[in-house]
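**Q** this one's structure only:
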Ligand SMILES: NC(=O)c1ccc[n+]([C@@H]2O[C@H](COP(=O)([O-])OP(=O)(O)OC[C@H]3O[C@@H](n4cnc5c(N)ncnc54)[C@H](O)[C@@H]3O)[C@@H](O)[C@H]2O)c1
């Protein structure tokens, strides 16, 4: 009876009564607690448990939780799409840096999004604002294992992306990019979905041509420390085109250049995170001689969606063609942070490409895409995010230090 009355109360909710109802809900909670305390005591005293009382207790508590969630759960605004236009979209690696921004975009556009992630480098915090939304689902799953779901499009992003992460367990990186990609192509074939592979500029290796256009075949060391990632992605591309030619699967391949933005990894070992972290912590900014410049995550997400919905099945570069010296870049971050850090020069890590610059003529021509977020604007957003993360982590007694990319010593886990 009490349950029914509370349910009627909830259905009568309007926003102006929210505070009043929240108060009532809290009062109800206190009453329920007192009630269950008395109930427990009487059970102990009588030495017997009535199942009906237990059920009543649980249902009262779940009603209280649902009342609270009505008031506290707020989602970002989502467009309404008719059944015909709404797609069921799978994002592998959707709890990572790029995947979570892509999730935001596709959710806000009104699609149904399923995120599949094994949380190796991703985290629930990146997508927690969607948990409970009727269009959203989060599945803890490793793409190295097959997956059976019904979808219209697959954005296949699952793979560690930064050198320390992909070198941590090279065999797993290879399995994720090869077996994982095979599994997703198998799924795409089975359900007739279109698959977009998040490939990388690393397929060009240490390039001998500058800038790199999509018809350049690359210059990769197949046995170097980065090969697990570079060659893994090259094979993943090969698999996409084999499935396209042999099985008629629709594929899209984005060759992504360095990207930055909120939710990127603090310790990813690349220039943006290193410089921002060093500048915020008043440590010297350690500079190599590289010239590649990153671009902002929202530009990348727009490029990925444009590519997915285009009819371009050959690989497309998505990146920032602007060139600055790395010294200018370090100076810019130092100024934006307002830091007094010095700038120090370092030698390069093994096989780190010396020059990288995307030729984005194809993306401009075929997708009408190019990066539009000014570098300073993007950097300010990333700096704001890093500042908040440092505060958050300091409260939890953890201060990250930027680390140069290196191979983990000793045996690693293979799974
Ligand atoms: N960020 C960049 O600058 C950049 C550049 C080039 C290419 N890319 C590609 O874009 C994609 C996303 O990169 P990111 O920067 O968001 O990296 P990220 O590490 O933040 O995200 C990768 C996600 O994949 C998940 N993942 C890894 N292995 C998995 C597995 N076996 N099964 C399920 N999930 C798994 C991770 O937990 C994480 O959530 C990657 O494929 C990467 O290679 C990124």
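**A** Okay, I see it. These numbers were taken from a predicted model, which means no experiment stands behind them.

**Q** all strands of the stretch 251-400 of the chain, in order?
**A** According to DSSP state E, counting those that start in this stretch, the stretch 251-400 of the chain carries its strands in the segments 251-256, 259-260, 285-287, 295-296, 316-318, 343-345.

**Q** so where's the stretch 201-350 of the chain uncertain?
**A** Confidence mapping of the stretch 201-350 of the chain against pLDDT under 70 gives the ranges 288-292, 347-350.

**Q** rewinding a little: with mean neighbour count and distance to residue 386 added, can I get the strands of the stretch 251-400 of the chain in CSV?
**A** Heads up, the C-betas are built off the backbone N, CA and C, glycines and all. As requested, those are arranged in CSV below (neighbours: other C-beta atoms under 10 Å; distance: least, C-beta to C-beta, whole Å):
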stretch, mean neighbour count, distance to residue 386
strand 251-256, 24, 21
strand 259-260, 26, 10
strand 285-287, 21, 14
strand 295-296, 26, 14
strand 316-318, 26, 24
strand 343-345, 13, 18
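
**Q** What residue, apart from its backbone neighbours, is nearest residue 126 spatially?
**A** Taking C-beta to C-beta, 6 or more residues apart in numbering as the measure, residue 126 lies nearest to residue 100, with 3.6 Å between them; neighbours along the chain are not counted.

**Q** now swap in residue 216 and tell me
**A** residue 209 (5.3 Å).

**Q** So that neighbour versus the ligand, what's the distance?
**A** To the ligand, residue 209 is 19 Å away according to C-beta to the nearest ligand atom, to the nearest Å.

**Q** So what does the most centrally placed residue in the chain have for phi and psi?
**A** Here the mean C-alpha position of the chain is nearest to the C-alpha of residue 96 (C-alpha atoms, centre = their mean), at a distance of 2.4 Å. Note on residue 96: backbone dihedrals following degrees, to the nearest 10 are phi -90, psi -170.

**Q** again, but for residue 164
**A** Per-residue torsions, residue 164: phi -60, psi -30 (degrees, to the nearest 10).

**Q** Look up the closest residue to residue 244, ignoring the ones flanking it.
**A** Ranked by C-beta to C-beta, 6+ apart and with sequence neighbours excluded, the top spatial neighbour of residue 244 is residue 251, at 4.8 Å.

**Q** ok, now how distant is that neighbour from residue 298?
**A** Between residue 251 and residue 298 the distance is 24 Å, computed by C-beta to C-beta, to the nearest Å.

**Q** sorry, back to before: so is the residue nearest to residue 216 in a helix, a strand, or just coil?
**A** Applying DSSP: H, G, I helix; E, B strand; the rest coil to residue 209 yields a three-state assignment of coil.

**Q** now what about stretch 299-306, what contacts it?
**A** Outside stretch 299-306, the residues that touch it by C-beta atoms under 8 Å, 6 or more residues apart in numbering are 98, 101-102, 105-106, 155, 196, 198, 254, 256, 259, 316, 318, 363, 367-369, 371-373.

**Q** what about burial for the residues you listed, which qualify?
**A** By the neighbour-count criterion of 16 or more other C-beta atoms under 10 Å, those include these buried positions: 98, 101-102, 106, 155, 196, 198, 254, 256, 259, 316, 318, 363, 367, 369, 371, 373.
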